[in-house]
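Chemist: quick one, what's the 3D model for this:
(one chain, ligands or ions: 2)
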Amino acid sequence: MVLPPKVITIEANFLDAREHDFYNAIYTQSVAQFGSYVESGTLLNNYAHILDLLTRLRQAINHPYLVLHSKREIAARADAPVTTGGAVCGLCFEDADDAVLSACGHTFCRGCMQDYIASIAANAATLCPTCRQPLSVELSAPKAGAGEADDGYRATTSAGVTSMGHARRGILSRLDLARFQSSTKIEALMEEVHLMRERDPSAKAIVFSQFVSFLDLLEHRLVRSGVRVVKLNGGMSAGAREVCISAFKEDPDVRVILISLKAGGVALNLTVATHIYLMDPWWNPAAEYQAIDRAHRLGQHKPIRAVRFVVRNTVEERILRLQDKKRLVFEGTVGGDAASLSQLSEEDLRFLFQN
Ligand SMILES: [Zn+2]
Ligand SMILES: [Zn+2]
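Modeler: Residues are numbered from 1 along each chain as shown. Ligands and ions are numbered 1, 2, ... in the order given. This next block holds a predicted model:
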């Protein structure tokens, strides 16, 4: 059984001047902070902080809102702890999605914690990102209560957003939507979706991002231009997931499914899609292949087009190069070590932050 061809392309864009200034300010801060860890010889003890620097940079590239209107930023401005909604994840500082609790009593998104643990270099200490005690967390445990608030499936129509159950209080609730500004990345996707629909009016697309808040912004922008979408988060109940996935598969008017890469673990079969958009590069090449294989698998009869969006002159270009490096090492190693694909070694971190 031969699968139809898949074409994977990289679409590279430049930030506009406003976005670039914003990104550069954060980049300069991050490099200085990284340098201070190197100088004091505490790089490997500051994993959570360094991943956090990386997250902020990647969010700034996707859209400045993701930094400016994050729960952390709002809490910092108010000089008070975040109190709205459920528990806040100590890694992404948003409402914890599919929350897990560490033994020391701190809350994280299951996906954030999985990524964190997978990234820690073999020789680094595994510490709680919040309190820096040795980390103990049960990732296979059933959902903590805090995750239940995420169960609401939001059926989105071109006419607006209908809430079923309790909707997550996402980033959109913190924005003045009448003055919504788009971003280079968002418009790059809009252009691709537009071209897709011109070529094949019945085509469907999967859009992946690491960031649930970015999916919220993409959803808003797509719906505003009349594209019907559904969205899959990590914290959804099995029932809500099923409703979302079958809407994408069976409703010809639903064109796009937005999926958090952190919700990806399950064996989704989405061969109804012929277009795959990866909104933010990840250093683990295996994660991107797995995402593409949601559509490129048995049952797919049409060619697949996958687009990886990347912004030039930013840390994203380095992430792509790191990905290539990891792939080469992996393929050159007998019985390649899969764990090394997701880990960030000290050398990898230096490659990302130093010139
Ligand atoms: Zn999180
Ligand atoms: Zn802790």
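Chemist: distance between the ends of stretch 194-214?
Modeler: With CA to CA, to the nearest Å applied, stretch 194-214 spans 19 Å between its terminal residues.
Chemist: would you mark the buried spots in it?
Modeler: The neighbour-count check on stretch 194-214 (16 or more other CB atoms under 10 Å) flags 196, 203-214 as buried. For glycine as for every other residue, the C-beta is placed from the backbone atoms N, C-alpha and C.
Chemist: farthest pair within those residues?
Modeler: 203 and 213 (26.6 Å; CB to CB).
Chemist: sorry, back to before: reformat the buried residues of stretch 194-214 as TSV; add pLDDT and distance to ligand 1.
Modeler: Converted to TSV, these look like this (pLDDT from 0 to 100; distance: CB to the ion, whole Å):
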residue	pLDDT	distance to ligand 1
196	96	30
203	96	32
204	97	28
205	96	25
206	94	22
207	96	19
208	93	16
209	93	13
210	89	10
211	90	9
212	89	8
213	92	10
214	95	13
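Chemist: so which of those are in strands?
Modeler: Counted as lying in strands by DSSP state E, out of these, are 205, 206, 207, 208, 209.
Chemist: and these, which is closest to residue 278?
Modeler: Of those, the one sitting nearest to residue 278 (CB to CB) turns out to be residue 208, at 5.2 Å.
Chemist: hey, where'd the helices end up in this structure?
Modeler: 17-39, 47-62, 65-68, 71-78, 110-119, 184-199, 212-224, 238-250, 285-292, 315-332, 338-342, 346-353 (DSSP state H).
Chemist: which strands or helices does the fifth one pack on?
Modeler: Translated: helix 110-119. Under the contact definition 3 or more CB pairs under 8 Å, 6 or more residues apart in numbering; DSSP states H and E, helix 110-119 sits against helix 47-62, strand 99-101, helix 338-342.
Chemist: mind redoing it with 10 Å?
Modeler: In terms of contacts (3 or more CB pairs under 10 Å, 6 or more residues apart in numbering; DSSP states H and E), helix 110-119 is packed against helix 47-62, strand 99-101, strand 107-109, helix 338-342.
Chemist: anything in the first one near ligand 2?
Modeler: No. For helix 47-62 and ligand 2, the contact criterion (CB under 5 Å from the ion) is not met; the two come no nearer than 10.2 Å.
Chemist: with stretch 120-139 instead?
Modeler: Yes. For stretch 120-139, a contact with ligand 2 is found by CB under 5 Å from the ion, at 128, 130, 131.
Chemist: got the residues of the chain near ligand 1?
Modeler: Checking the chain against ligand 1 by CB under 5 Å from the ion, the hits are 89, 91, 92, 109, 112.
Chemist: can you lay out those as a markdown table showing pLDDT and neighbour count?
Modeler: Output for the residues of the chain next to ligand 1, formatted as a markdown table (pLDDT from 0 to 100; neighbours: other CB atoms under 10 Å):
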| residue | pLDDT | neighbour count |
| --- | --- | --- |
| 89 | 88 | 27 |
| 91 | 89 | 22 |
| 92 | 85 | 27 |
| 109 | 89 | 31 |
| 112 | 88 | 27 |
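Chemist: looking at those residues, which is nearest ligand 2?
Modeler: Set against ligand 2, the nearest of the residues of the chain next to ligand 1 by CB to the ion is residue 91 (11.4 Å).
Chemist: just checking, which helix or strand of the protein averages the lowest pLDDT?
Modeler: strand 160-163 (a mean of 33; mean pLDDT, DSSP states H and E).
Chemist: how about the residues of the stretch 51-200 of the chain by ligand 2?
Modeler: Close to ligand 2, as judged by CB under 5 Å from the ion, the stretch 51-200 of the chain has residues 104, 106, 128, 130, 131.
Chemist: go through these and name the one nearest residue 47.
Modeler: Using CB to CB, those come closest to residue 47 at residue 128, 10.9 Å.
Chemist: give me the phi and psi for that closest one.
Modeler: phi -60, psi 130 (degrees, to the nearest 10).
Chemist: I'd guessed it sits against residue 105; true?
Modeler: Yes. Using CB atoms under 10 Å, residue 128 makes contact with residue 105 at a distance of 9.1 Å.
Chemist: and those two? Which one has more around it.
Modeler: The residue with more neighbours, out of residue 128 and residue 105, is residue 128; 20 against 10, by other CB atoms under 10 Å.
Chemist: any low-confidence regions in the stretch 51-200 of the chain?
Modeler: 78-86, 141-169 (pLDDT under 70).
Chemist: got the contact list for the residue in the stretch 251-355 of the chain positioned nearest to ligand 2?
Modeler: With CB to the ion, the shortest gap between the stretch 251-355 of the chain and ligand 2 falls at residue 262, namely 20.2 Å. Residues near residue 262 by CB atoms under 10 Å, 6 or more residues apart in numbering: 92, 97-98, 109-115, 209-212, 233-235.
Chemist: do residue 125 as well
Modeler: Contacts of residue 125 by CB under 10 Å, 6+ apart are 44, 45, 46, 47, 132, 134, 135.
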